[in-house]
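> got a predicted structure plus its sequence, pasted below:
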Amino acid sequence: MAETYKFLIINPGSTSTKISVFENDQEQFHTTINHSPEEIRKYHEIYDQFDFRLELILDVLKENNIALSEFSAVIARGGNMRPVVGGTYEVNDEMLKDLKIGVMGSHASNLGGGLAHAIASDLNIKSYVVDPVIVDELEPLARFSGTPLISRKSKDHPLNQRAVGRIAAQQANKKYEDMNYIIAHLGGGISIAAHKKGKIVDVNNSLNGDGPFSPERTGGLPFGSVIDLCYSGEYTKDELMKKLVGHGGLVAYLGTNDGRDVTRMIEEGNKEAETVYHAMAYQISKEIGAMASVLKGQVDGILLTGGLAYDKRLMGWIEEYVSFIAPVQIFPGEKEMEALALGVLRVLNGKETIQVYPNK
Ligand SMILES: Nc1ncnc2c1ncn2[C@@H]1O[C@H](COP(=O)(O)OP(=O)(O)OP(=O)(O)O)[C@@H](O)[C@H]1O
Ligand SMILES: CCCC(=O)O
């Protein structure tokens, strides 16, 4: 009989900490703790939030009578460590060091590996991350930016994108590794990737100014105007960064990062809200079109996922623009907690090889 594993799963986001308990692939407990901007603003660096988040996780387990001793492993969303191929990684010292300094930038997910390791090492069990945000499987041509000073980087939502790719393939009685998909994660940040036979061969960098605008970010901008803003003397580097990532996109145009607010505005007759939302659908569709070229038109499906995929109006606009390319399927929300459990389960059941985060 197959062994039963119990996993503690931690997903630190910029505005929340999600916690789940899984027995094999079955979720037994889930909670999302939301963090207000005031609460988060107290901490200057991401890692300054470490003790605060650790305490919250331990308190939640205690309040719900979940004994730490029951766990077989602790699993977390992986952050901005050095670029790696996709898969399941055991947390090691080198990874911890890189996540702590944020070698590839700052993001709440950088806390995941450290939190999982802190809890697991006290229990003498292993800790893992799966498909971290920094998974880099770009093909050589996708790395060109147009200047040797800048190489295009892969920072996106591989965990949820792959989870959805696997579900779509399973529904078609196929293997994800045999399919060509364009997968769009439509959340606070938006990433749109070409998945070619199981590899993410091209994707917009959703964190640092590439691709469509999103609820909180500007996406790609004309560089001449950006340089003018940088030298205008009106903004510090931090202020400008916040304007582009965090306070860009829907926040800048409409004052909200919530798709549900935008829908309300449109239903109340706000024409500007409708135009801005449509413009976001237009930019998302253009990026999907670009990824269809990357796959040379050999596209088995276009998969739309993330929180915004709940929005029927937005999905309708995108479908109008892109359904000529391939069938569109919608997977609202995210499957990240399940994807973390399944990633480790595949390794423990011998279906996939564990990846090792290398020393520098
Ligand atoms: N029912 C809905 N209708 C419209 N928009 C929605 C709905 N539910 C969630 N959203 C929107 O989805 C977005 C958040 O999506 P999601 O939860 O996938 O992102 P996140 O986890 O906050 O960020 P990221 O995915 O970039 O890490 C927000 O703009 C939110 O308002
Ligand atoms: C770091 C990439 C994920 C995001 O866009 O938030």
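Everything's here; your move. Ligands and ions are numbered 1, 2, ... in the order given.
> give me the below-cutoff pLDDT ranges for this structure.
Counting by pLDDT under 70, the chain shows low-confidence ranges at 1.
> just want the most central residue of the chain.
His157 (2.9 Å; C-alpha atoms, centre = their mean).
> near ligand 1, which residues of this structure?
Residues of the chain lying close to ligand 1 (C-beta under 6 Å from any ligand atom) are 13, 157, 187-189, 215, 257-260, 306-308, 310-311, 334. The way it works is simple: take the backbone N, C-alpha and C, and place the C-beta from them, glycine included.
> selecting buried members of these in ChimeraX, what would you type?
Here is the ChimeraX selection string for the buried members of the residues of the chain next to ligand 1, based on 16 or more other C-beta atoms under 10 Å:
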select :13,157,187,188,189,215,257,259,306,307,308,311,334
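> so of the residues of the chain next to ligand 1, which ones are in helices?
259-260 (DSSP state H).
> now narrow the residues of the chain next to ligand 1 to whatever sits close to ligand 2.
Answer for the residues of the chain next to ligand 1 near ligand 2 (C-beta under 6 Å from any ligand atom): 157, 189.
> which of the residues of the chain next to ligand 1 sits closest to ligand 2?
Ligand 2 lies nearest to Gly189 out of the residues of the chain next to ligand 1, by C-beta to the nearest ligand atom, at 2.8 Å.
> quick check: residues of the stretch 201-350 of the chain near ligand 2?
By the rule C-beta under 6 Å from any ligand atom, the part of the stretch 201-350 of the chain lying against ligand 2 is 206-207.
> in the stretch 201-350 of the chain, what residue lies closest to ligand 2?
Here the stretch 201-350 of the chain gets closest to ligand 2 at one residue, Ser206, 3.5 Å apart by C-beta to the nearest ligand atom.
> and the stretch 1-150 of the chain, by the same measure?
Here the stretch 1-150 of the chain gets closest to ligand 2 at one residue, Val133, 3.9 Å apart by C-beta to the nearest ligand atom.
> tell me, how many neighbours does that residue end up with?
A count of neighbours around Val133, defined by other C-beta atoms under 10 Å, yields 27.
> so what's it up against?
Val133 makes contact with 77-80, 107, 109, 155-159, 207, according to C-beta atoms under 8 Å, 6 or more residues apart in numbering.
> where do the strands sit along the stretch 1-150 of the chain?
Applying DSSP state E, counting those that start in this stretch to the stretch 1-150 of the chain gives strands spanning 6-12, 16-23, 26-34, 73-77, 88-90, 126-130, 144-147, 150-151.
> make JSON lines from the contacts of Val133 and add distance to Asn64 to it.
Converted to JSON lines, the contacts of Val133 look like this (distance: C-beta to C-beta, whole Å):
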{"residue": "Arg77", "distance to Asn64": "21"}
{"residue": "Gly78", "distance to Asn64": "25"}
{"residue": "Gly79", "distance to Asn64": "26"}
{"residue": "Asn80", "distance to Asn64": "31"}
{"residue": "His107", "distance to Asn64": "28"}
{"residue": "Ser109", "distance to Asn64": "24"}
{"residue": "Lys155", "distance to Asn64": "34"}
{"residue": "Asp156", "distance to Asn64": "33"}
{"residue": "His157", "distance to Asn64": "28"}
{"residue": "Pro158", "distance to Asn64": "30"}
{"residue": "Leu159", "distance to Asn64": "25"}
{"residue": "Leu207", "distance to Asn64": "33"}
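> roughly how far does Ser20 sit from Ala341?
Using C-beta to C-beta, to the nearest Å, one gets 8 Å for the distance from Ser20 to Ala341.
> what of Arg143?
The spacing between Arg143 and Ala341, counted by C-beta to C-beta, is 32 Å.
> inside strands: which ones of the residues of the chain next to ligand 1?
Members of the residues of the chain next to ligand 1 lying in strands (criterion: DSSP state E): Gly306.
> among the residues of the chain next to ligand 1, which one sits closest to Leu250?
Pro215 (4.6 Å; C-beta to C-beta).
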